[in-house]
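*Asks:* pasting a predicted model and its sequence here:
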Number of protein chains: 2
Amino acid sequence: MMQKPSIPKGTRDFGQKEMAARNYIFDTVRSVFKSFGYAQIETPAMENLSTLLGKYGEEGDKLLYRILNSGDAFAGVDFDKPLAGQVCEKGLRYDLTVPFARFVVQHQGEISFPFKRFQIQPVWRADRPQKGRYREFYQCDVDAIGSGSLLCELELVQIVEQVFRKLDLRVCMKINNRKVLTGLSEICGFPDKVVDITVAIDKLDKIGLEAVEAEMLQKGLTREAVEILRPVLLLEGDFASKVAVMRGLMASSPVGMQGLDELEELFALIADAGVTMPCEMDLSLARGLNYYTGAIFEVKALDFQIGSICGGGRYDNLTGIFGLPNMSGVGVSFGADRIYDVLTGLDKFPRALSSGADVLFANMGREELKYVLPVASALRAAGLSVEIYPEASKLKKQFDYATRKGIGFLSICGESEAASGTVQMKNLATGEQQSFGRGDTSALLAWLKG
Amino acid sequence: MMQKPSIPKGTRDFGQKEMAARNYIFDTVRSVFKSFGYAQIETPAMENLSTLLGKYGEEGDKLLYRILNSGDAFAGVDFDKPLAGQVCEKGLRYDLTVPFARFVVQHQGEISFPFKRFQIQPVWRADRPQKGRYREFYQCDVDAIGSGSLLCELELVQIVEQVFRKLDLRVCMKINNRKVLTGLSEICGFPDKVVDITVAIDKLDKIGLEAVEAEMLQKGLTREAVEILRPVLLLEGDFASKVAVMRGLMASSPVGMQGLDELEELFALIADAGVTMPCEMDLSLARGLNYYTGAIFEVKALDFQIGSICGGGRYDNLTGIFGLPNMSGVGVSFGADRIYDVLTGLDKFPRALSSGADVLFANMGREELKYVLPVASALRAAGLSVEIYPEASKLKKQFDYATRKGIGFLSICGESEAASGTVQMKNLATGEQQSFGRGDTSALLAWLKG
């Protein structure tokens, strides 16, 4: 007996139900992206390793899937030197951001800037598989590049609001600004400790003021520096009062003040646009700190315990790595797998999503088949999904097929229906049954669509 | 200056226009597949090499993209043995058929048979790139497995008809049956020369009767065998008269007669179902001969010179390679790239496909932005795609952006519109211009959709 085949660890097959649910998420984000004028692009699964290497840090380089050169990859190889670099020139896409930057630089002559693009494609990472972490997963990225306007940030906030409104999920958006974090590190005299400071602030809710300050000291900040930062840890009140305190603290840091200006303007735009999704300033938000230069975003589900389900920010020099400087961009990425888990956990997928065809015509034999074929075609032409059971099996078997597949209606047209020129139709959910003239598609359709 | 980045040979980026055109094709096939009750599945890009190797012949094995094992792939390798097999356990999907067979076997416990599935995903082949041949390309496969009923064949014919009707392409479907080809080889006494005989018959139109017979002789058939086959080369008339001649010839070959029975029944079903797409029996159709066991299909565009744009057939033992015998299936695959070329060549893509957003609001400054933001949101909520230019640039620049991106309407709301509470809108195609009350979204919408 042959061994049952399997798929590589960390990868997944998607059957009918999962596909319907996943397509529901992808279709939703796609329709929202389009309503804001973003254009879809796709890039190849394989990129040259020269495009990918060095873009994700040392750890990231190790997680790249490398593709063995075709032909005899080992011909002419120097076995005294590292082999991987000699036998692989291509790798699988690790995210959608670097391919996007490569795309913009490669096609800059054809692109109208500001360029608003979205991309929904799988990425691959040779990560250790674990619950909720896969080696192949989809990303849904939306970015605007070529404009520094805060209107781009606003649009992303609006997009997030619309996506989760359509998915019927309550979420909260946290917003920070990298320039403010830089400002904090400047005013306390430790401009090189941005990350340590932010990471410590992030623990405030969990470990309390004293422990946060102890951590800062332990990371090398002086007592004086920690005292300068204390008001940040004691921030209270609404957005305006928080910003007022920060402005007082930050007066000596031009970049910090600019960050506060940006935050204020973005929140003003959010109000002007009538966004009702809760948005809050969160100075501990440090996501992708080495990367973002302005706004930083993160979205959390309010009714389900899981990490962030969407996030992003502004980067001022994404395409610089490929020789095109001064291209400011801002984007967010929706985490399809986590959103899937939240929708599943909260039972928020629409009911009809994964059901089978609308109608199954039972197969009663060759003559009856001839009788129902045109009826099936007429219903399909009207937009219904219609199956005819392929074999004239026992009715029990055909009925079971319909139930197992969640088909809504079953039609059994035998000799008597053919003789009387009628079509019989049964609602499998309610048991209700009705007969229609074979040519009276409109009455049949009206009943089916109920 | 850094070198401009590029992508691997034989791969492609798809920009907004190509994506819109490709999605039009994918959406069309997907909607037709669904209307016949086929369920979408997806499988991982990476499969275990044990799943892929040996399934595509020796040549196919060479064209598989292999993925270097993650971690230190070369640790513990025996350099005296072939290396590729030791350092790669995974490969990229070469087609959708083998992964489908693997899927069916792996998930047989969860599947309701007959299983009708479709799959639209990219595949990768390390082929030599040339015009129209890529190393990454999409396949659109639709298969029914677990039933030997000819109704499955009929459904595929109907699906092909509907897809090309929706795409507004005139096509012709050629149909053959592998059993008839086997019968021909049997009646002339050369059962091992099925391929040679079929290939020779295929050249009849091009090189004529005598040259075809010469080729058969050259391939080792006897003069007597060639004379037995001559009536096949002289076949004339409609389907019924051709079949009558074939029945006379084929009487001594049970398998050949069964093939003729199947062809006759399929053509009867095609007539009963009211298919109007031209379908013709073509005994020279030999597509995938090592693979198919019953019906063989091929679709040609009538108004454009290109190879087949869709093809497939019945296979009786697809899942046998993975230890699940006696699963008969039948399927066709649509060639998205060729269909794209035909639609482009015949200028058949819908006009509005690749246009940009419906409306661009010019950016006239911060105050005016506040004024138009709610209008933009209202139009989006009504299903339109709406952009606001991110920066308060010169109007000329904003206007050029709208034209380059093919945006339909431009709204310039400055101080005077804000003062009078109106929204001004211009049709960029006709130059027509109109003014609406800011709150009167329904009048504005009616005009925009008008």
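*Replies:* That came through fine.
*Asks:* just give me the neighbour total for A:Thr430.
*Replies:* Residues lying near A:Thr430 (other Cβ atoms under 10 Å in any protein chain shown) number 9. To be clear about C-beta, it is placed using only N, CA and C from the backbone, and glycine gets the same treatment.
*Asks:* and it, what does it touch?
*Replies:* If a contact means Cβ atoms under 8 Å, 6 or more residues apart in numbering or on different chains, then A:Thr430 has no contacts.
*Asks:* residues of the stretch 101-250 of chain A that sit close to chain B?
*Replies:* A:102-103, A:105-107, A:110, A:112, A:114, A:116-117, A:122, A:124, A:126, A:135-136, A:144, A:147, A:149, A:151-152, A:155, A:158, A:162 (Cβ under 8 Å from any Cβ of the partner chain).
*Asks:* quick one, which of these are buried?
*Replies:* Buried by 16 or more other Cβ atoms under 10 Å in any protein chain shown: A:102-103, A:105-106, A:112, A:114, A:116-117, A:122, A:124, A:126, A:135-136, A:144, A:147, A:149, A:151-152, A:155, A:158, A:162, out of those.
*Asks:* take those residues and keep only those in strands.
*Replies:* Per DSSP state E, strands hold the following members of those: A:Lys116, A:Arg117, A:Pro122, A:Trp124, A:Glu136, A:Ala144.
*Asks:* make CSV out of these and add pLDDT and distance to B:Cys172.
*Replies:* Shown next, in CSV, are those (pLDDT from 0 to 100; distance: Cβ to Cβ, whole Å):
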residue, pLDDT, distance to B:Cys172
A:Lys116, 96, 43
A:Arg117, 97, 40
A:Pro122, 97, 37
A:Trp124, 97, 41
A:Glu136, 97, 40
A:Ala144, 97, 47
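*Asks:* ok, so of those residues, who is nearest A:Glu387?
*Replies:* A:Pro122 (30.4 Å; Cβ to Cβ).
*Asks:* pretty sure A:Thr11 belongs to a strand, no?
*Replies:* No. Under DSSP: H, G, I helix; E, B strand; the rest coil, A:Thr11 sits outside any strand and is assigned coil.
*Asks:* now for it: which residues touch it?
*Replies:* Counted by Cβ under 8 Å, 6+ apart, A:Thr11 has contacts A:Tyr134, A:Arg135, A:Glu136, B:Pro44, B:Ala45, B:Met46.
*Asks:* same deal with A:Gln108?
*Replies:* Neighbour list for A:Gln108: A:Leu324 [criterion: Cβ under 8 Å, 6+ apart].
*Asks:* now do A:Pro390
*Replies:* So A:Pro390 contacts A:Asn363, B:Pro114, B:Ala144, B:Ser147, B:Ser149, B:Leu151, B:Cys152 (Cβ under 8 Å, 6+ apart).
*Asks:* can I get those residues in TSV with distance to A:Gln434?
*Replies:* Output for the contacts of A:Pro390, formatted as TSV (distance: Cβ to Cβ, whole Å):
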residue	distance to A:Gln434
A:Asn363	21
B:Pro114	28
B:Ala144	29
B:Ser147	29
B:Ser149	28
B:Leu151	26
B:Cys152	29
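*Asks:* from the residues you listed, which two are the most distant?
*Replies:* A:Asn363 and B:Ala144 (13.5 Å).
*Asks:* tell me, how many residues neighbour the spatially closest residue to A:Gly345 that is not a sequence neighbour?
*Replies:* The shortest distance from A:Gly345 to any non-neighbouring residue, by Cβ to Cβ, 6 or more residues apart in numbering or on different chains, is to A:Phe304 (5.2 Å). Using other Cβ under 10 Å, A:Phe304 is surrounded by 18 other residues.
*Asks:* same deal with A:Lys394?
*Replies:* 9.
*Asks:* quick one on the thing from earlier: for the ones in strands among the buried ones among the residues of the stretch 101-250 of chain A next to chain B, which one is nearest A:Thr51?
*Replies:* Using Cβ to Cβ, those come closest to A:Thr51 at A:Trp124, 14.5 Å.
*Asks:* which helices and strands sit right next to the worst-scoring helix or strand of chain A on mean pLDDT?
*Replies:* Sorting the helices and strands of chain A by mean pLDDT, DSSP states H and E puts helix A:194-202 at the bottom, at a mean of 87. Helices and strands touching helix A:194-202, by 3 or more Cβ pairs under 8 Å, 6 or more residues apart in numbering or on different chains; DSSP states H and E, are helix A:178-187, helix A:204-218, helix A:223-233.
*Asks:* tell me who's in contact with A:Val243.
*Replies:* Applying Cβ under 8 Å, 6+ apart, the residues near A:Val243 are A:Leu260, A:Leu263, A:Glu264, A:Met281.
*Asks:* what about those residues, which are in strands?
*Replies:* Per DSSP E, the subset of the contacts of A:Val243 in strands is A:Met281.
*Asks:* pLDDT check: weakest of the contacts of A:Val243?
*Replies:* pLDDT across the contacts of A:Val243 is lowest for A:Met281, at 94.
*Asks:* which SS state does A:Met277 fall under?
*Replies:* A:Met277 ends up coil, using three-state DSSP.
*Asks:* which one is it nearest to, not counting chain neighbours?
*Replies:* A:Glu161 (4.1 Å).
*Asks:* any idea of the pLDDT on that neighbour?
*Replies:* So A:Glu161 comes in at 98 (pLDDT).
*Asks:* how many other residues sit next to it?
*Replies:* 23.
*Asks:* what do you get for the one 3 residues further on?
*Replies:* Using other Cβ under 10 Å, A:Phe164 has 25 other residues around it.
*Asks:* how about it, secondary structure?
*Replies:* Under three-state DSSP, A:Phe164 comes out as helix.
*Asks:* residues in contact with the residue lying closest to it once chain neighbours are set aside?
*Replies:* Distances taken as Cβ to Cβ, 6+ apart place A:Val171 nearest to A:Phe164, at 4.6 Å, with adjacent residues excluded. Applying Cβ under 8 Å, 6+ apart to A:Val171 gives the contacts A:Val160, A:Phe164, A:Met277, A:Pro278, A:Val299, A:Lys300, A:Ala301, A:Leu302, A:Ile309, A:Cys310.
*Asks:* same thing but at 10 Å, please
*Replies:* When contacts are counted by Cβ atoms under 10 Å, 6 or more residues apart in numbering or on different chains, A:Val171 touches A:160-161, A:163-165, A:277-278, A:299-304, A:308-310, A:339, A:342.
*Asks:* same question, A:Lys300
*Replies:* By Cβ under 10 Å, 6+ apart, the neighbours of A:Lys300 are A:Arg170, A:Val171, A:Cys172, A:Met173, A:Lys174, A:Ile306, A:Gly307, A:Ser308, A:Ile309, A:Cys310, A:Gly311.
*Asks:* doesn't it lie inside a helix?
*Replies:* No. Using three-state DSSP, the assignment for A:Lys300 is strand, not a helix.
*Asks:* run through the stretch 351-450 of chain A and note the low-pLDDT ranges.
*Replies:* A:354 (pLDDT under 70).
*Asks:* strands along that one, start to end?
*Replies:* A:359-361, A:386-388, A:409-411, A:422-427, A:433-437 (DSSP state E, counting those that start in this stretch).
*Asks:* the residue most central in space within chain A bridge partners, please.
*Replies:* Residue closest to the average C-alpha location in chain A (Cα atoms, centre = their mean): A:Phe334, at 2.7 Å. For A:Phe334, the beta-bridge partners under DSSP bridges are A:Cys140, A:Cys310.
*Asks:* quick one: contacts for it?
*Replies:* By Cβ under 10 Å, 6+ apart, A:Phe334 lies in contact with A:25-26, A:28-29, A:32-33, A:118, A:120, A:138-142, A:159-160, A:163-164, A:299, A:309-312.
*Asks:* then A:Phe399?
*Replies:* A:Leu360, A:Ala362, A:Tyr389, A:Ile407, A:Leu410, A:Ile412, A:Lys426, A:Leu428.
*Asks:* swap in 6 Å and give it another go.
*Replies:* If a contact means Cβ atoms under 6 Å, 6 or more residues apart in numbering or on different chains, then A:Phe399 has no contacts.
*Asks:* with A:Asp13 instead?
*Replies:* B:Thr43, B:Phe103.
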